[in-house]
Structure formats: structure tokens, C-alpha cells
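Peer 1: Output the structure for:
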Amino acid sequence: MPAELKSTSRGRTMVLAISNPEHRNALGPEMYAAGVEALSVAESSPEVRTVVITGEGSLFSAGGNLQRLQANREQPPEFQAQSIEGLHAWIEAIRTFPKPVIAAVEGAAAGAGFSLALACDLIVAADNAVFVMAYSNIALSPDGGATWSLSRALPRQLASELLLTGERLSSQRLHELGVVNRVTAPGAALEESLALAERLNERAPNALASIKELLNDAAGATLSRHLADERDHFVRNLHHANAGIGIAAFLAKQTPRYE
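Peer 2: Prediction:
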């Protein structure tokens, strides 16, 4: 069966499923391009409020296809660089996407699969899921923004241990460290992610987009610059129709229906 990224709709949520059963849902260039295209479609669609990324079957993704990487060693370095640029385009598309993205993780999230989950805004994982940055196990260094994400999510010593040793971490351990948001029973990560997505779907899309943008920009901004950004977002959202809907509904003790 060919490797592909399958797209389905579950209400107001787009579900993107990594499907590569012959290689444990390994990622590849065809998926990177499909992921960028799917997010572009979702961004322009008012019917889509959230996106869930998951793996087909019992695991999320084993990361890179080692057979393909071995073959790429016979190609000029630019060949692999181009492939990584495709992955990085998908990672950046997720980070800059104005709607919430949730990773639903079953089984293993390894290497670039772990990087992909870290790029999402929220992670829901089964209690038997395992996460591993396996790069150093095969004499490679990370890609997919792994060092960027982990250096912001964890103290340096913990990020160093995870990346340098290539040891597995359980979903429960990452939940304790604040990297995984929800832990579920095996087989329930997708449904829990969809339930979480539906909670977000009930909120004002413009406000969620502002929150995501502010979080993305916070690390690189001075306090004074970020305070100005928060001011501008707040004022813009206050004068959006959804603020009128939300405030009126709160005062009337009613459920708001945002545009």
C-alpha cells in the first residue's frame, strides 16, 4: 500500500491520518506536501475549526524510513536537504496555522514522528504510548524542530538527556513534565482528541488564532514588545463581532454561538 496522509472530516474537525503500514507509519516527502496542502485548505474553510493529526492503526509514526535514508546516502547531500525542507515546511505550517492542531498519539512517536507531535498545539496520548528521539541511536542529529520544541518545553538537562541518550519516555512521564496534555486508555487517543477539539470548536476562532500567534511570538519578543502585541490583539478582538456575541451570552447566562 502506498504511503499517504488521509484526510477525513469529523464535524468541524479535520482529521489527518498518517498511513504507511508497511513501514510503521514512517514519514516521507509525499506526506509533507500533503500536510501543507491540507492545512492550506483547512485555513480557508470556515467549516474547519480544528485539526487532529494521528497515525493509522496502533501507532503514530516511527519517524523516518531508514531504508530510504540509507539509499539517500548514495545521493548528493542536496537530495536529503530537499526532503528535510519538505518536513520543515509542514512543521512551520502547523505552527503558523491559525487554528488549533491536536496530536492524537497511539503506540510509538519516534524521531520525526515525535517532532511532528511536538509541533502541534496539544498532545493527547494513550497511556501505553512511547516517545523517543532516536536520532543519536543511529548517529544522526534531530530534524523537524525537535531541538527547538524540546528546549522550550523542558529544562536544558532534561532536553539534553532525551536527545543525547535516545531513551524512550512514556506518555505518563511526559504528562508529568507538561509536554503531553491528556493521557487516555489505549485506543482512545483519537476520540479524546476529537472531544477536546469539539470544546475548542465552540470557542471564537479569532480569539484562538490570536492566542496561538501570541504564544508563538512570545519567546522571541521583549516584554514591552509583547505587551504591545497583546494590546493590539485584545483591541482587535474586542471589536470583532464574536466579542459582542460572547459578552452578551455571558451576561444573559446563555451559550454563545460564534461566527
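Peer 1: CA atoms for contacts and neighbours, from now on please.
Peer 2: Fine.
Peer 1: Run a quick neighbour tally on residue 252.
Peer 2: Per other CA atoms under 10 Å, the neighbour tally for residue 252 reads 10.
Peer 1: do the one 5 residues further on as well
Peer 2: Around residue 257 sit 12 other residues, with neighbours defined as other CA under 10 Å.
Peer 1: what residue lies at the spatial centre of the chain?
Peer 2: The centroid of the chain falls nearest to residue 120 when counting by CA atoms, centre = their mean (1.7 Å).
Peer 1: Might one say that that residue is in contact with residue 94?
Peer 2: Yes. Using CA atoms under 8 Å, residue 120 makes contact with residue 94 at a distance of 6.5 Å.
Peer 1: Between these two, which contacts overlap?
Peer 2: Here residue 120 and residue 94 share the contacting residues residue 101, scored by CA atoms under 8 Å, 6 or more residues apart in numbering.
Peer 1: For the longest helix along the chain, name the packing helices and strands.
Peer 2: Looking across the chain with DSSP state H, the single longest helix is helix 77-96. Counting contacts by 3 or more CA pairs under 8 Å, 6 or more residues apart in numbering; DSSP states H and E, helix 77-96 is packed against helix 29-44, helix 112-119, helix 205-218.
Peer 1: Could you say which of those is packed most deeply?
Peer 2: Ranked by mean neighbour count, the helices and strands packed on helix 77-96 are led by helix 112-119 with a mean of 26 (mean count of other CA atoms under 10 Å).
Peer 1: Which element, helix or strand, includes the closest residue to residue 122 other than its chain neighbours?
Peer 2: Spatial nearest neighbour of residue 122, excluding adjacent residues (CA to CA, 6 or more residues apart in numbering): residue 102 at 4.8 Å. Per DSSP states H and E: residue 102 is located in strand 101-105.
Peer 1: three-state assignment of residue 14?
Peer 2: Three-state assignment for residue 14 (DSSP: H, G, I helix; E, B strand; the rest coil): strand.
Peer 1: Can you give me the buried ones in the lowest-mean-pLDDT helix or strand in the chain?
Peer 2: Each helix and strand of the chain was given a mean pLDDT (mean pLDDT, DSSP states H and E); the minimum falls on helix 66-72 at a mean of 92. For helix 66-72, a neighbour-count test (16 or more other CA atoms under 10 Å) marks nothing as buried.
Peer 1: same question, stretch 238-246
Peer 2: 242, 243, 245, 246.
Peer 1: mind showing which ranges of the stretch 51-200 of the chain have poor pLDDT?
Peer 2: Within the stretch 51-200 of the chain, no stretch has pLDDT under 70.
Peer 1: what residues are up against residue 203?
Peer 2: residue 258.
Peer 1: which stretch of helix or strand covers it?
Peer 2: Once you assign secondary structure using DSSP H and E, residue 203 falls outside every helix and strand.
Peer 1: For it, what are phi and psi?
Peer 2: phi -100, psi 160 (degrees, to the nearest 10).
Peer 1: quick one: it and residue 258, what's the gap?
Peer 2: Applying CA to CA, to the nearest Å, the value for residue 203 to residue 258 is 7 Å.
Peer 1: can you check residue 215 too?
Peer 2: Distance from residue 215 to residue 258, counting by CA to CA: 22 Å.
Peer 1: The residue nearest to residue 122 touches residue 120, doesn't it?
Peer 2: Yes. In terms of CA under 8 Å, residue 102 counts as a neighbour of residue 120; the distance is 5.6 Å.
Peer 1: count of residues packed around residue 172?
Peer 2: Neighbours of residue 172 using other CA under 10 Å come to 21.
Peer 1: That one belongs to a strand?
Peer 2: No. Counting by three-state DSSP, residue 172 is not part of a strand but helix.
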